[in-house]
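Asks: predicted model and sequence below, questions to follow.
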Amino acid sequence: MDWHKRRQGIFFSLLILVNVFTHVRSLSADQATVVDHNTVEAKPQEAQWPGFAFDPGRTGQSPYEGPQTNKLKWQFTLTGWGSSVVVGADGTTYVGTRAGVLFAINQDGSEKWRFDLPTVEVVPPEDWSEAEKKELTEKGLRSSINDVAIGPDGKIYFGQAFHLWKGSTATGFSVPGHERRLYALDPNRTVEWTFGVGQQDMATHISIDPNGTLYFGTVEGQYGQAECRFYAVSPDGWEKWSILLSSSGSILSPALARDGTIYVGGDKLRALDPQDGSIKWEYDVQTTTSIAAAPAVGRDGIVYVCTRPGAIEDHSRLLAIYPDGTMKWELIVGVMETSPAISEEGTIYITSWVPRNTRAEPGIKTGLTAITPEGHVIWSYETRFPDWHFNPDQRGMPWGSDSSPIVGSDGTVYFGTDVGLVYAVNADGTLKWTFGTGGEFDNCPSMDAEGTLYICHSGGPGEIYGGPLRCYAISDTGTTTVTYPDSISKNIRIARLEMALERAKRDGNEPEIQEIQELLDDLRSRGQPDTASDEQTKAKITERINTLKKELEQAKAQGNHAEVKELEQLIEKLQTQLERPMTAVHAIAIASADERVGNVLKDIKEMHVRAEYAEQWQVWQVNFYGGGRCVVSASVDLNGDILKVEFPNRTN
């Protein structure tokens, strides 16, 4: 569209907005409400990253080259799980949270502004447990922002849903009398308009076509039994059409083909006409559950979508569907709950899990897999628990991702994982870098025109074990390389500085001693892992078990069989540890009995020992000192197993 036509469009839009103030809408007056319109309409702008997976087709193909290194540019603390990030024309990033807050963040990582949705006070149902009633009475219900999108006119759009506070196991709760709304804000936080959808939660991503029409789905009721409606709303807040797609299923985010066809997942894959929402065709995925995530549409019009595991099938299937609704091919891919990405060349990238006893095509591993347009596996990169994970039993084990990948212009694939790692994998399947903070990354990454990658904590804990939920900007212009969480980096720096201090003392280098001591004092002032007593250790393990049990109930309610299996195994291991708690005395005794430790200690005349509990690793670090320096160190896990023995000052 050239500027002359855009100018005409703005003129007619202004006429319509004037009519809003002088006439009562007869058709949608109960739905579209002008809240504030005291500012001049923003000029048309082209967002750098307008929505989930970049384009309306959800391909995840970025026009920008992403970061080549894992350097942190900035981090921003969130109030709840974060949505996928969108980036405006001026480089401002926007992210919504499950705590009902929309943040606008400047390019330097500082807060530009925030927009808060209201907390709703409600009376809990009688059949809830006392703990759940107390939680709801004290905290109310929170409006949740699950997705943010930017239109061609520069407006910021987001939908509203209600959710129980994290930790509650109750399901199927509705909020009668509280209408959910679609919000339209200008870049200065002014509410342009809102659009009401009644009691239906806006749980899907928003798709926007080149003309600014918004498409989204809503759900009302329990998962698997929900009434699912799909809407088309004009850029000035009028309903163009809506259609009830299912009264006993689920609905997922739409994807738009180049010819305008709308593809919507749920209990079936449906192709909708953008003019009136009529159904062109339906494809029955033949599963007891549903489609798992938003479809992605390739340049050739092929639609790629995956199914959830169900009672009959214990695996997901990746389907390639022609534009006429017939199947091109399908692959069994383990367990997949994400949208695929499609590169400029047509390569399909998926993230999936391959648990034991779950079917998958040969060559597909837990992690990232590259597939040809004809459905053949090219390569698969296996993702694993990092060596700093809190549970020693899981370190190095395969563990997958619920993060939809994106592809940089150079072919690098970016995605997050459930164990606090962000991956950059080259187009040939080799690792470029990892970025580690702890927590969980379930959302799709985003990118700006300068090549900065954005991703937020979502779907689980924040920074390693008790840390904040954050949004991260990863860029080659960053100043800090992040391979593992900062708390672990700090402990490693302390250990290295302590050894350097011992060397400086032996050499009698007073200036160096003073400099190192100042660095140590500064690092230690930020806090170190405390020595844990028997009861403290039990409390930590019990707290973790309780959290996992709540996650287990949610996984069961959603029918996620693979996650149920993994969580049950995790809980069983932790319960075993609870029955056999490890104290400092136990850890010292076990370390002292090790032959490697004993061979060192037998020659030490004056020896003392210090045991510290590293909470983020859930291990005891036992250090033995002789002659004023640490001579041997042992790491003992909560099962009483020695993970490693190190000799800090050994010269050969």
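Replies: Structure's in. What do you need?
Asks: okay, CA-based contacts and neighbour counts for the rest of this
Replies: Will do.
Asks: residues touching Ile513, list them.
Replies: Contacts for Ile513 (Cα atoms under 8 Å, 6 or more residues apart in numbering) come out as 501, 504-505.
Asks: swap in His457?
Replies: 81-82, 439-443, 469-471.
Asks: of those residues, closest to Asp259?
Replies: Asn443 (27.6 Å; Cα to Cα).
Asks: isn't the closest one right up against Gly96?
Replies: No. Counting by Cα atoms under 8 Å, Asn443 sits too far from Gly96 to count as a contact (11.8 Å).
Asks: now for these two: what residues contact both?
Replies: Counting by Cα under 8 Å, 6+ apart, the residues touching both Asn443 and Gly96 are 83-84.
Asks: could you flag which of the contacts of Ile513 are buried?
Replies: 501, 504 (16 or more other Cα atoms under 10 Å).
Asks: show only the entries of the contacts of Ile513 found in helices.
Replies: Secondary structure from DSSP state H places 501, 504-505 of the contacts of Ile513 in helices.
Asks: ok, then the element right after the longest helix belonging to the chain?
Replies: Assignment by DSSP H gives helix 534-557 as the longest helix of the chain. Scanning forward in sequence from helix 534-557 by DSSP states H and E, the next helix or strand is helix 561-579.
Asks: tell me what that next one is packed against?
Replies: Judged by 3 or more Cα pairs under 8 Å, 6 or more residues apart in numbering; DSSP states H and E, the packing partners of helix 561-579 are helix 534-557.
Asks: so which bits of the helix it packs on are buried?
Replies: Applying 16+ other Cα under 10 Å to helix 534-557 flags 537-538, 541-542, 545, 548-555, 557 as buried.
Asks: in this structure Tyr613 contacts Ala634, no?
Replies: No. Tyr613 is beyond contact range of Ala634, at 11.9 Å (criterion: Cα under 8 Å).
Asks: how far away is Ile371 from Gly396?
Replies: 25 Å (Cα to Cα, to the nearest Å).
Asks: which of those two has more residues huddled nearby?
Replies: Ile371 (19 against 14; other Cα atoms under 10 Å).
Asks: wait, which of the contacts of Ile513 is closest to Gly429?
Replies: Closest to Gly429, out of all of the contacts of Ile513 and judged by Cα to Cα, is Leu501, at 42.5 Å.
Asks: sorry, back to before: I'd like the contacts of Ile513 as CSV, with pLDDT and distance to Ser62 appended.
Replies: Converted to CSV, the contacts of Ile513 look like this (pLDDT from 0 to 100; distance: Cα to Cα, whole Å):
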residue, pLDDT, distance to Ser62
Leu501, 78, 48
Ala504, 78, 51
Lys505, 83, 54
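Asks: make JSON lines out of the contacts of His457 and add neighbour count, distance to Gly196 and pLDDT.
Replies: Supplementary listing: the contacts of His457 in JSON lines, determined by neighbours: other Cα atoms under 10 Å; distance: Cα to Cα, whole Å; pLDDT from 0 to 100:
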{"residue": "Trp81", "neighbour count": "29", "distance to Gly196": "24", "pLDDT": "85"}
{"residue": "Gly82", "neighbour count": "30", "distance to Gly196": "23", "pLDDT": "90"}
{"residue": "Gly439", "neighbour count": "27", "distance to Gly196": "35", "pLDDT": "82"}
{"residue": "Glu440", "neighbour count": "27", "distance to Gly196": "32", "pLDDT": "87"}
{"residue": "Phe441", "neighbour count": "30", "distance to Gly196": "31", "pLDDT": "91"}
{"residue": "Asp442", "neighbour count": "27", "distance to Gly196": "28", "pLDDT": "90"}
{"residue": "Asn443", "neighbour count": "27", "distance to Gly196": "26", "pLDDT": "91"}
{"residue": "Leu469", "neighbour count": "24", "distance to Gly196": "30", "pLDDT": "83"}
{"residue": "Arg470", "neighbour count": "21", "distance to Gly196": "30", "pLDDT": "88"}
{"residue": "Cys471", "neighbour count": "25", "distance to Gly196": "29", "pLDDT": "94"}
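Asks: give me the subset of those residues lying in strands.
Replies: Members of the contacts of His457 lying in strands (criterion: DSSP state E): 470-471.
Asks: which of the contacts of His457 fall in helices?
Replies: Per DSSP H, the contacts of His457 never map to helices.
Asks: returning to that earlier point: between Tyr613 and Ala634, what contacts are shared?
Replies: Common neighbours of Tyr613 and Ala634 (Cα under 8 Å, 6+ apart) are Gln621.
Asks: where does the stretch 501-650 of the chain have low pLDDT?
Replies: Where the stretch 501-650 of the chain drops to pLDDT under 70, the residues are 522-538, 540, 576-586, 589, 603-608, 615-617, 627-628, 639, 649-650.
Asks: what's the answer for the stretch 351-500 of the chain, then?
Replies: 388-393, 395, 460-467, 483-497, 499-500.
Asks: for it, which segments count as helices?
Replies: When secondary structure is read from DSSP state H, counting those that start in this stretch, the stretch 351-500 of the chain shows helices at 486-507.
Asks: same question, the stretch 101-250 of the chain
Replies: With DSSP H, counting those that start in this stretch as the criterion, the stretch 101-250 of the chain has helices spanning 130-139.
Asks: any weak-confidence spans in it?
Replies: 119-125, 132, 135-142, 163-177, 221-226, 248-250.
Asks: make it 50
Replies: 165-172 (pLDDT under 50).
Asks: residues touching Ile332, list them.
Replies: 315-318, 359-361.
Asks: identify, from the contacts of His457, the entry nearest to Tyr263.
Replies: Nearest member of the contacts of His457 to Tyr263, counting by Cα to Cα, is Asn443, at 20.6 Å.
Asks: for the closest one, which non-adjacent residue is closest in space?
Replies: Of all residues not flanking Asn443 in the chain, Ser403 sits nearest, at 4.9 Å (Cα to Cα, 6 or more residues apart in numbering).
Asks: which residues of the stretch 201-350 of the chain fall in strands?
Replies: For the stretch 201-350 of the chain, applying DSSP state E, counting those that start in this stretch gives strands covering 207-208, 214-220, 226-233, 239-249, 251-256, 262-266, 268-272, 279-284, 296-297, 303-306, 317-321, 327-332, 341-342, 348-352.
Asks: closest to Met447 out of these?
Replies: strand 341-342 (14.4 Å).
Asks: and Val191, how many neighbours?
Replies: Neighbours around Val191, by other Cα under 10 Å: 20.
Asks: just checking, it touches Ala184?
Replies: Yes. Counting by Cα under 8 Å, Ala184 is a contact partner of Val191 at 5.9 Å.
Asks: out of the contacts of Ile332, which comes closest to Val297?
Replies: For these, the nearest to Val297 is Leu318 (13.2 Å; Cα to Cα).
Asks: distance of that closest one from Tyr304?
Replies: 7 Å.
Asks: do Arg470 as well
Replies: 31 Å.
Asks: for Gly277, same thing?
Replies: 21 Å.
Asks: equivalent analysis for Asp507, please.
Replies: Distance from Asp507 to Tyr304, by Cα to Cα: 66 Å.
Asks: Thr77 too?
Replies: Thr77 is 35 Å from Tyr304, where distance means Cα to Cα.
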